[in-house]
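Peer 1: Below are the sequence and a predicted model for it; my questions follow.
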Amino acid sequence: MTKLSVNLNKVALLRNQRDVGYPSVIDTAKIVLEAGAHGVTVHPRPDERHIRRSDVPELAEFVANWPDKAIEFNIEGYPTEDFMDLVLSTPCHQVTLVPDDPNQSTSDHGWDVKKDKEFLKDIITRLKKAGRRVSLFLDPVPELISETVETGADRIELYTGPYAEEEIDVQAYAETAQTAVKNGLEVNAGHDLSLDNLANFIKAIPESAEVSIGHAITSDALLMGWDAAVKAYLEEIRKGQNGSIL
């Protein structure tokens, strides 16, 4: 089954609006994991506008002490030296490398792997020596896969914003995923996946190892609560994998 990793950035964004310490990122992580999520994701940015640097080791310790040792902690970000210091010094299962400018409001494109290949190879070598699984944020372009393999990455994360906006057909994602799997890479996906489009995405790309979802699931949790929201997303994953979509 495709795993669900809940991105906690928007929880931290709300917390940061007041100096009162809530909503708690740790308490939310506990709720989503108890509801059945398979992991948590954070994307710490240099300005700390949502996840703060101090949140990361606290979450790492929390996940490490969770009874289910299959639960994973995923850290996303652009590999500045500060980011590298953080992910190399903090236990985590996966590092997702994203080509973000620090001023971007959110991720909006994948790596130009051909241009950045040597840079990425060096970064990925350092991460893998430290025992981190590495995923590269990628646009749905099958021709990028051969270059991605040469970087040493373990996975790709397909940037699904254009799919959610109906700008790129899901078939382009399926072809990219199939090419990745044939070349020994696992496939993640993330960005603007929601209850409206998740099942169809999984149906088209059943080999998806993980989906990382933050904005939509947080929005749904405001209406239905975190427990119900997580269970609703897990049900959409099941529908997609069973092909039982109305």
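Peer 2: Everything's here; your move.
Peer 1: use CA for all of it now, contacts and neighbours both
Peer 2: Fine.
Peer 1: List the contacts of the most centrally placed residue in the chain.
Peer 2: For the chain, S212 is the residue whose C-alpha lies nearest the centre (CA atoms, centre = their mean; 3.7 Å). Neighbouring residues of S212 by CA atoms under 8 Å, 6 or more residues apart in numbering: L4, S5, V6, N7, T41, N188, A189, G190, H191.
Peer 1: Let me know the secondary structure of it.
Peer 2: Per DSSP: H, G, I helix; E, B strand; the rest coil, the secondary structure class of S212 is strand.
Peer 1: how close does it sit to L158?
Peer 2: S212 is 10 Å from L158, where distance means CA to CA, to the nearest Å.
Peer 1: hmm, back to that, measure the residue nearest to the centre of the chain to H50 for me?
Peer 2: Separation of S212 from H50 (CA to CA) stands at 17 Å.
Peer 1: Could you do G225 as well?
Peer 2: Taken as CA to CA, the span from G225 to H50 is 21 Å.
Peer 1: Look at those two and report which has more neighbours.
Peer 2: H50 (22 against 14; other CA atoms under 10 Å).
Peer 1: For the chain, give me the ranges with low pLDDT.
Peer 2: Low-confidence segments of the chain (pLDDT under 70): 101-108, 244-246.
Peer 1: can you give me the strands for it?
Peer 2: Using DSSP state E, the strands of the chain run over 3-7, 39-42, 72-77, 94-97, 133-138, 155-159, 186-190, 208-213.
Peer 1: CA atoms of the fifth one as CSV?
Peer 2: Right, strand 133-138. Taking Å, rounded to 0.1, in the frame of the first residue of the first chain, the C-alpha atoms of strand 133-138 are listed here in CSV:
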residue,chain,number,x,y,z
ARG,A,133,17.5,7.6,1.8
VAL,A,134,17.4,10.3,-0.8
SER,A,135,14.5,11.4,-2.9
LEU,A,136,14.7,14.1,-5.7
PHE,A,137,11.8,16.4,-6.4
LEU,A,138,11.1,15.9,-10.1
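Peer 1: so what secondary structure elements neighbour it?
Peer 2: If you count contacts as 3 or more CA pairs under 8 Å, 6 or more residues apart in numbering; DSSP states H and E, strand 133-138 packs onto strand 94-97, helix 113-129, strand 155-159.
Peer 1: Export those to a markdown table and append columns for mean neighbour count and distance to I75.
Peer 2: What follows is those, written out as a markdown table (neighbours: other CA atoms under 10 Å; distance: least, CA to CA, whole Å):
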| stretch | mean neighbour count | distance to I75 |
| --- | --- | --- |
| strand 94-97 | 24 | 5 |
| helix 113-129 | 16 | 12 |
| strand 155-159 | 26 | 13 |
